[in-house]
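**Student:** structure of the sequence below:
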Amino acid sequence: MTDSSPTVYRDRDFYAFVSARFLATAAMQVQSVAIGWQIYAITRSTLALGIVGLCQFAPMFLLVLPAGELSDRFDQRRILSMTQVLQAVCGALLLLLSLAHPSSVWPYYAILVLFGSARGFYAPANQSLLPFLVPPEKLPKSIALSSSVFTSAVIVGPALGGFLYAFGPVYTYGVCVAGFLAASLLIASLGGRRRRGHVASGASRLERVAEGVRFVRHRPVVLGAISLDLFAVLLGGATALLPVYARDILHAGPIGLGVLRSGPAVGAAVMALALAHRPLARHAGITMFFSVAVFGIATIVFGLSTNFYLSLVALATLGASDMISVFVRSALIQYATPDDMRGRVSAVSMLFVGASNELGEFESGVTAAWFGTIPAVVIGGLGTLGVVAVWMWLFPPLRNVDRLSDVQVAAAAE
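**Tutor:** Residues are numbered from 1 along each chain as shown. You can find the predicted model right below:
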């Protein structure tokens, strides 16, 4: 049970939440540009870039499900604020490491493992908090607005990272530390409705984690949506290889790398604003499948392109199509999940999303080492198209979703 009185919902809390999300995401993107450029400059190895994703995914994989259970028992605001402080510590360590000018990448990897641990707790707390800050009837529009703020940060962050890196990594990581700390302070100030005190159910923590996994497994619409994202982005993600494209194929330098990393977010931001203005009314399921197919096609075009501007257009198209998929998946999960399960279900979702992003970076680095950079990206795009075809056959309930609110009605009837 929760306090659903309208007086607990304050516009200020929503704006503070999205502002914190903007700052933390922008800082994360700035940091990612700097790390990618530094590691490739030291090693000139695509596999080394792939290990960046693995270092972040491995601790998140181990921690995100227990973190989701904690988010269902404790205040997400405190967890979220503390993880952002830990991310600021990681930024400070990267700053100090840059001053030492190491010739080995292993100290960077060690810090990234710590950063991935922080993200393991950050993800479920962040994803499960929004429904406690806005009334249910405003949730779809709030998701779209929050997504547009997120994608705006993904636009600004890489471009800012590329610009700052021209002055040196110390300035770059200093901005990251400031962004994470400011986000922590904003989250600590949030109000909104809160769950009533946790009531012991007699279940162990492991059993409670398993409840979240079973909840997702027994709902084909939710399982299909998050697993589609996992395998499509796992195969089709080319972000980890952008330093190679910027340096060796497109010859764009660190500023060009920042612009390329912003490309998907530009497309995503435009699409998020369009969805906020005019949310999907009908045919949500088939629209999601179509958008993922476009994602795969755009990945192939980017992989084959040797023109900077064509590559940028392909990345923007990739980002716009991915935003539709993210919007549908996020809305389906929020509508289908009861309050007392939000942390654990968000943890399962973020485990899939983290695998598709960070583990996808590792997969891209490995396949690029095996086949070459361009073939690896093209093969990944073709794999995404194959995933769309298989998932449409495996998950007809997802394909047949019409209105997003239909999932809420079906969940209430169970």
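**Student:** how about stretch 122-138: buried residues?
**Tutor:** Buried residues in stretch 122-138, counted by 16 or more other C-beta atoms under 10 Å: 122-134. C-betas here are computed from N, CA, C, even on glycine.
**Student:** my bad, stretch 110-123
**Tutor:** In stretch 110-123, counting by 16+ other C-beta under 10 Å, buried: 111-123.
**Student:** so residue 98 sits right up against residue 170, yeah?
**Tutor:** Yes: proximity of residue 98 to residue 170 meets the contact threshold set by C-beta atoms under 8 Å, at 5.8 Å.
**Student:** of those two, give the one with the bigger neighbour count.
**Tutor:** Neighbour count, other C-beta atoms under 10 Å: between residue 98 and residue 170, residue 98 has more, with 18 against 14.
**Student:** now do the helices in the stretch 101-250 of the chain.
**Tutor:** Applying DSSP state H, counting those that start in this stretch to the stretch 101-250 of the chain gives helices spanning 106-129, 139-165, 169-188, 205-217, 220-236, 242-244.
**Student:** so for the fourth one, mean pLDDT?
**Tutor:** Spelled out, that is helix 205-217. Across helix 205-217, pLDDT averages out at 72.
**Student:** please apply the same query to the first one.
**Tutor:** Computed over helix 106-129, the mean pLDDT rounds to 87.
**Student:** residue 389: neighbouring residues, count only.
**Tutor:** 11.
**Student:** please, which helix or strand holds it?
**Tutor:** Here residue 389 sits within helix 373-394, counting by DSSP states H and E.
**Student:** what comes up buried for the helix or strand encompassing residue 362?
**Tutor:** Taking DSSP H and E as the criterion, residue 362 maps to helix 360-371. Going by neighbour count (16+ other C-beta under 10 Å), the buried part of helix 360-371 is 360, 361, 362, 363, 364, 365, 366, 367, 368, 369.
**Student:** next: stretch 282-290.
**Tutor:** Of the residues in stretch 282-290, 284, 285, 287, 288, 289 count as buried by neighbour count, 16+ other C-beta under 10 Å.
**Student:** kindly indicate which of the residues you listed lies nearest residue 190.
**Tutor:** residue 284 (29.7 Å; C-beta to C-beta).
**Student:** and the gap between the closest one and residue 131?
**Tutor:** Relative to residue 131, residue 284 is positioned 19 Å away (C-beta to C-beta, to the nearest Å).
**Student:** how many neighbours does the closest residue to residue 213 other than its chain neighbours have?
**Tutor:** Nearest residue to residue 213, sequence neighbours excluded (C-beta to C-beta, 6 or more residues apart in numbering): residue 348, at 6.0 Å. Counted by other C-beta under 10 Å, the residues lying close to residue 348 total 25.
**Student:** with distance to residue 159 added, can I get the buried residues of stretch 122-138 in TSV?
**Tutor:** Shown next, in TSV, are the buried residues of stretch 122-138 (distance: C-beta to C-beta, whole Å):
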residue	distance to residue 159
122	23
123	24
124	29
125	28
126	23
127	26
128	30
129	28
130	26
131	32
132	33
133	29
134	30
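**Student:** where does the stretch 151-300 of the chain have low pLDDT?
**Tutor:** Residue ranges of the stretch 151-300 of the chain with pLDDT under 70: 192-209, 234, 236-237, 281.
**Student:** which helix or strand lies directly C-terminal to the host helix or strand of residue 292?
**Tutor:** Using DSSP H and E, residue 292 falls within helix 284-304. Towards the C-terminus, the helix or strand next in line after helix 284-304, according to DSSP H and E, is helix 308-336.
**Student:** in this structure residue 161 contacts residue 29, no?
**Tutor:** Yes: assessed by C-beta under 8 Å, residue 161 is found in contact with residue 29 at 6.2 Å.
**Student:** need the overlap of contacts for those two.
**Tutor:** Jointly contacting residue 161 and residue 29 under the rule C-beta atoms under 8 Å, 6 or more residues apart in numbering are residue 261.
**Student:** neighbour count winner among the two?
**Tutor:** Taking neighbours as other C-beta under 10 Å, residue 161 and residue 29 compare with residue 161 leading, 30 against 25.
**Student:** including distance to residue 246 and pLDDT, could the buried residues of helix 360-371 go into CSV?
**Tutor:** Output for those, formatted as CSV (distance: C-beta to C-beta, whole Å; pLDDT from 0 to 100):
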residue, distance to residue 246, pLDDT
360, 19, 69
361, 15, 71
362, 20, 72
363, 20, 72
364, 15, 77
365, 15, 77
366, 20, 80
367, 19, 81
368, 14, 81
369, 18, 82
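**Student:** of those residues, which is the nearest to residue 54?
**Tutor:** Using C-beta to C-beta, the buried residues of helix 360-371 come closest to residue 54 at residue 362, 4.1 Å.
**Student:** for the closest one, give its distance to residue 49.
**Tutor:** Per C-beta to C-beta, residue 362 is found 9 Å from residue 49.
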